[in-house]
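Asks: give the three-dimensional model of this entry:
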Amino acid sequence: MRVRFWGVRGSVPWATPGSIGYGCNTPCIEVSDSQAGAFLIIDAGSGIVGLGEALGGSPRPVPILLSHFHWDHIQGIPFFAPLHRPGWSPAIWAPALADAHSLSLDSMFTSPFFPVPRDRLASPPLVTLIQPGQIEVGGFRVSAHRVTHPGGAFAYRVHGDGNDVVYATDHEFGDIAVDEQLAAFALNADAIVVDAHFTPEELLSHQGWGHSSWKQAADFASAAGAGHLWLFHHKPGRPDAELAEVERRARRVFPATTVAREGAAFGT
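Replies: Coordinates of the predicted model:
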């Protein structure tokens, strides 16, 4: 299984001269297994735009798994190239949250927000709402688990042939029982991709925002017995130098830690 990062920032794609080294697009990762012919996209922030262009011109199924419906995880959908190419088969799986329904994303294609209505898309996406548990998506077996975030969100565990990857962004640690359940969900995963939006100092004034700090992510990786921790969902505009320092500090807690960078990949 191979994972590539197409967008690693949270909230909004905000490019500054000092922050472009790690990338400025919002969440999107690609999971693939060339031997099994499996392919999956998780989240559709602005990073999915570049991924869509990289897919080329040959029509194919394009499965997308959303962690939730907040803007930074869906804002790339209207600009995703396969939706505008005939013959493609985009499909979106999203959490069945309290205020969500299968038509929730249609508003992105309505006037005055976007010039192309959904019924004029060359390949409109099929949307399916899912519950916690196991599903088959893109040739992968995937487990879904609720996390703590305003409005709700899901973490996902993608089961590979001998290796698993957990994607657990947009979770606020603090409820011991919930955190222990999430650690059990991620137990012994080969790699985990975890929200590290805040520093421990910033987190003090951002309670209830639904995000975590790099320190909490490192402690979580240790509790879960993860093979490698990828810090993700970086605060928009956080300078590259600060992210490099975050990596150094996090490695003192959990040595096998890397700050996710746009374009980086891991696995085989």
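
Asks: alpha carbons only for contacts and neighbour counts from here, please
Replies: Noted.

Asks: and D179, which of the three is it?
Replies: helix (DSSP: H, G, I helix; E, B strand; the rest coil).

Asks: hmm, it is touching H171, no?
Replies: No: the criterion here is C-alpha atoms under 8 Å, and D179 misses it with H171 at 9.3 Å.

Asks: give me the common contacts of those two.
Replies: Counting by C-alpha atoms under 8 Å, 6 or more residues apart in numbering, D179 and H171 have no contacts in common.

Asks: of the two, which one has the most company?
Replies: Here D179 and H171 are set side by side on neighbour count (other C-alpha atoms under 10 Å), and the busier one is H171, at 26 against 18.

Asks: what strand or helix carries that one?
Replies: For H171, there is no host helix or strand (DSSP states H and E).

Asks: give me every residue that touches it.
Replies: 147-149, 153, 195, 210-212.

Asks: turn those into TSV, columns for distance to E202, neighbour count and pLDDT.
Replies: What follows is the contacts of H171, written out as TSV (distance: C-alpha to C-alpha, whole Å; neighbours: other C-alpha atoms under 10 Å; pLDDT from 0 to 100):
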residue	distance to E202	neighbour count	pLDDT
V147	21	23	98
T148	18	23	96
H149	17	18	97
A153	22	25	98
D195	14	28	97
G210	13	20	91
H211	11	24	93
S212	10	26	97
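
Asks: show me the helices in the stretch 1-150 of the chain, by range?
Replies: Under the criterion DSSP state H, counting those that start in this stretch, the stretch 1-150 of the chain contains helices at 47-54.

Asks: quick one, strands of it?
Replies: Using DSSP state E, counting those that start in this stretch, the strands found in the stretch 1-150 of the chain span residues 2-7, 28-33, 38-42, 61-65, 89-95, 126-130, 133-137, 140-147.

Asks: do the stretch 151-268 of the chain as well
Replies: According to DSSP E, counting those that start in this stretch, the strands that the stretch 151-268 of the chain contains are 153-159, 164-168, 191-195, 229-232, 257-259, 265-267.

Asks: strand 164-168 and the longest one, what's the angle between them?
Replies: With axes from the mean of the first three to the mean of the last three C-alpha atoms, to 10 degrees defining the directions, strand 153-159 sits at 170 degrees from strand 164-168.

Asks: can you list contacts of strand 153-159?
Replies: With C-alpha under 8 Å, 6+ apart as the test, strand 153-159 has contacts from 67-68, 95, 97, 132, 140-147, 164-171, 185-186.
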